[in-house]
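>>> Sharing a model prediction with you, sequence too.
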Number of protein chains: 2
Amino acid sequence: MIDLPGIQELCQQTPSKILFLVVDGLGGLPHPETGKSELEAAHLPNLDRLAQQSACGLTTPVLPGITPGSGPGHLALFGYDPLKHQVGRGVLEALGIGVDIQAGDVAARGNFCTVDSADVLVDRRAGRISTTETTPLCRRLDALRVPGVEVHVYPVRDHRFVLTLRGEGLAEEVGETDPQRVGVPPLEAQALTPQAERTARALRGFVAQAREVLSREERANMVLLRGFSQIPVLPSMGHAYRLNPAAIAAYPMYRGLAHLVGMQVLPTGATFQDEFSTLRQHYQAHDFLFLHYKPADAAGEDGDFSAKVRALEELDRFIPQLEELSPDVLVVAGDHSTPAVMAGHSWHPVPLLIHSQWTRGEGIPRFTERACASGALGRIPATNVMLLALAQAGKLAKFGP
Amino acid sequence: MIDLPGIQELCQQTPSKILFLVVDGLGGLPHPETGKSELEAAHLPNLDRLAQQSACGLTTPVLPGITPGSGPGHLALFGYDPLKHQVGRGVLEALGIGVDIQAGDVAARGNFCTVDSADVLVDRRAGRISTTETTPLCRRLDALRVPGVEVHVYPVRDHRFVLTLRGEGLAEEVGETDPQRVGVPPLEAQALTPQAERTARALRGFVAQAREVLSREERANMVLLRGFSQIPVLPSMGHAYRLNPAAIAAYPMYRGLAHLVGMQVLPTGATFQDEFSTLRQHYQAHDFLFLHYKPADAAGEDGDFSAKVRALEELDRFIPQLEELSPDVLVVAGDHSTPAVMAGHSWHPVPLLIHSQWTRGEGIPRFTERACASGALGRIPATNVMLLALAQAGKLAKFGP
């Protein structure tokens, strides 16, 4: 909805505040033994009470049946059509660790990996080697020189790093070098369009040198690259919605995404408690605060049903503290479902709750997938959530005479 | 849906009749003390019975979260995408009082207002001066001559008038002269595009003369202008849907809108009883009759919960008379919600009921927001209502082989 013609004229700056809590991987599926989803199995007295007083519904992140990554899932919630506005994984990762990536640069996600003497992949993650070990390796890769291109390598976490290329005429259309399985050699970087030929050549040059430099390492003796991408031009949330938005997220990628849509990314710690302290500290300075809760998704990805239940219950205990801030609008949404029984993201619609003075309850007893299906908001595209939040905050003027 | 490619080939002329009742501001919100909305609090035996025999649902006028004006709200119900087809306030107002406005003309809403000796606005509505007093003033303004432009001024009601400009090379992109608050002088008409320079100059000329002419008036000693607009080119309902549509509406703006979409606007009186007499009189001559009911919106705008309840109850008493006409399809829809607790239009979805021989009820006990949320039609864009009405009337052929 950020692309809605005239959206900026419709939006009006007001002192009202929107607290926008995104529970990563919120939605789930019933456990085969109990028939209850994670939300149904969890004890969530605060979220349930809030749902009883809220407008509830289910969001479709992209389209029915489409399983979104975290990028599209979040973009949709912020009102960006995820089919139109696509952000590459490399760019997200780079922004997330605070790399100064500029228009035209190409960023990629890198893995240290292990190959045998025949150049066959034996471990795509180099034994999940620690950041302590990879940081000096990244420094050595960062010192490599590729003709005509400025190359930088930044450690991320464990076996992961970010590679950035800067130079004239770079393009992102390059096939990844990670074959996604062991027992075969890493792939060569191949241009997928003629425009990307120069970039692919630079990448092959970098990989050849990296192989040399790492050849004596026991585990991290090679690199895999994927997610080649350049910064897309995204309209700014602050500009389009006339907001002064801030993001509080412990994980790099979400910070990167928030930066890309024009939010001020607040420094915070590693836990949700840290995030909450940051929220309280900066609450007065912003009229839109995006707060990210990761543990539900992490547990779902691990296929750990009871860990996801616990993660939701832990979040529930924070709800009264969020309410104490008295935001004019409190949104609880998810970027996508991560059912523990699937151990991964899924396409299922995601519970949504919007609370304001204009929501007086609608007979929804609980904040669950099934209850929200009967909510007053119905099933809506996730891209509509921002409009509803702005409307409830009194930030949207009447459209047309 | 008027823009649906091939809509005209899909539509077939039949003797069947669609009675399309638009209850302005139909939807509401629960009263904080009772937890019941206006529709829930009202005694509506006829609408409730009709809902039990109908296909019901909720319409979204523009998009979730977007609060529509009456223009977009009605256009959507007639199948016009309100984001694509926008009609300016001046044009609507001009059409509503039967002004012969033509392509290229610029129309504006005018207010008589009061300024003090320092030209500072002290009353934006000149004490809501009566039409009796403003009619001769309009006549004097109508006699003004602006070089190269034909100027006309028409009284509307109380302090309101319509100004029209006719001439070569006029454009609507002119900023309004109403500063929207007292304590400051009226604004000068400013062109917002180079094309509108000529129009802005003519408007400044008009305002300067109007100030002269009105200088001795005690209250109405100045004018404010806004809503500069030209006629948009809208596809004709009659043509696209193969209908012979008529509009029965007491209020000027709705008549103007109906004219713009190609309906025959029938002369009628000021009350709904008058409208109903007009309906009965012209019922045989048309296959689509749009009937407008205003009092629900007026009460909602006033923030008068019990007046809105009464307005709905009054409408309910007319329902059996409408049924006696035996329309093949009876639609009861709203252009938007006007919750009394908000004292204004809102973004909330609007109850919808479509009754025909092909609707046999679906277990919806009442015609309320909550009951319609469980209706068989679900939540649909208001632009789809015409398709459903045409279908129920047997006026839509099968799409595709």
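Thanks, I have it.
>>> how far does stretch A:231-241 stretch from start to finish?
End-to-end distance of stretch A:231-241 (C-alpha to C-alpha, to the nearest Å): 21 Å.
>>> CA atoms only: put the lengthiest strand in chain A into PDB for me.
Ranked by number of residues, the top strand in chain A under DSSP state E is strand A:106-115. C-alpha atoms of strand A:106-115 as PDB (Å, rounded to 0.1, in the frame of the first residue of the first chain):
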ATOM      1  CA  VAL A 106      26.600  -6.300  -5.200                       C
ATOM      2  CA  ALA A 107      26.400  -8.100  -1.900                       C
ATOM      3  CA  ALA A 108      26.400 -11.900  -1.300                       C
ATOM      4  CA  ARG A 109      26.000 -14.300   1.600                       C
ATOM      5  CA  GLY A 110      29.100 -16.400   2.000                       C
ATOM      6  CA  ASN A 111      29.700 -19.600   3.900                       C
ATOM      7  CA  PHE A 112      33.000 -21.100   4.800                       C
ATOM      8  CA  CYS A 113      32.900 -24.700   3.800                       C
ATOM      9  CA  THR A 114      35.100 -27.800   3.700                       C
ATOM     10  CA  VAL A 115      36.200 -29.500   0.400                       C
END
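>>> I'd like the next helix or strand past that strand.
strand A:121-123 (DSSP states H and E).
>>> Distance of A:Leu396 relative to chain B?
Using C-beta to the nearest C-beta, to the nearest Å, we find A:Leu396 at a distance of 6 Å from chain B. (Each C-beta comes from the backbone N, C-alpha and C, glycine too.)
>>> Show me what that residue is bridged to.
Beta-bridge partners of A:Leu396, counted by DSSP bridges, are A:Cys11.
>>> That one reaches A:Leu390, doesn't it?
Yes - using C-beta atoms under 8 Å, A:Leu396 is in contact with A:Leu390, at 4.7 Å.
>>> what are the pairing partners of the longest strand of chain A, and which direction each?
Sheet pairing of strand A:106-115 (DSSP bridges) gives strand A:121-123 (antiparallel), strand A:160-166 (antiparallel), strand A:222-229 (antiparallel).
>>> Centre of the chain to it, how far?
With C-alpha atoms, centre = their mean, to the nearest Å as the basis, strand A:106-115 stands 20 Å off its chain's centre.
>>> So for that strand, mean pLDDT?
The average pLDDT within strand A:106-115 is 96.
>>> and what of stretch A:4-23?
What stretch A:4-23 shows for mean pLDDT is 95.
>>> Chain A: helices as residue ranges?
Secondary structure of chain A, counting by DSSP state H: helices at A:7-10, A:38-41, A:45-52, A:70-77, A:89-96, A:131-142, A:197-214, A:237-241, A:252-260, A:272-282, A:295-301, A:305-324, A:369-372, A:385-392.
>>> Now render those as a markdown table, adding distance to B:Pro194.
Below are the helices of chain A laid out as a markdown table (distance: least, C-beta to C-beta, whole Å):
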| stretch | distance to B:Pro194 |
| --- | --- |
| helix A:7-10 | 20 |
| helix A:38-41 | 57 |
| helix A:45-52 | 53 |
| helix A:70-77 | 37 |
| helix A:89-96 | 40 |
| helix A:131-142 | 53 |
| helix A:197-214 | 43 |
| helix A:237-241 | 25 |
| helix A:252-260 | 36 |
| helix A:272-282 | 44 |
| helix A:295-301 | 53 |
| helix A:305-324 | 51 |
| helix A:369-372 | 51 |
| helix A:385-392 | 33 |
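>>> could the ones you listed be laid out in TSV, adding mean neighbour count and distance to B:Asp302?
As requested, the helices of chain A are exported to TSV (neighbours: other C-beta atoms under 10 Å in any protein chain shown; distance: least, C-beta to C-beta, whole Å):
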stretch	mean neighbour count	distance to B:Asp302
helix A:7-10	17	25
helix A:38-41	24	42
helix A:45-52	19	31
helix A:70-77	27	37
helix A:89-96	26	51
helix A:131-142	16	65
helix A:197-214	19	65
helix A:237-241	22	31
helix A:252-260	24	43
helix A:272-282	17	40
helix A:295-301	23	46
helix A:305-324	18	33
helix A:369-372	21	34
helix A:385-392	26	21
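>>> so which of the ones you listed comes closest to B:Cys113?
For B:Cys113, the closest of the helices of chain A is helix A:7-10, at 24.5 Å, according to C-beta to C-beta.
>>> looking just at contacts, which helices and strands does that closest one meet?
In this structure, helix A:7-10 packs against helix A:237-241, with contacts taken as 3 or more C-beta pairs under 8 Å, 6 or more residues apart in numbering or on different chains; DSSP states H and E.
>>> Is the helix it packs on positioned near chain B?
No - judged by C-beta under 8 Å from any C-beta of the partner chain, helix A:237-241 stays clear of chain B, getting no closer than 11.4 Å.
>>> Around chain B, pick out the residues from chain A.
Near chain B, when you scan chain A using C-beta under 8 Å from any C-beta, you find A:1, A:4-5, A:10, A:358, A:360-363, A:374, A:376-380, A:384, A:386-392, A:396-401.
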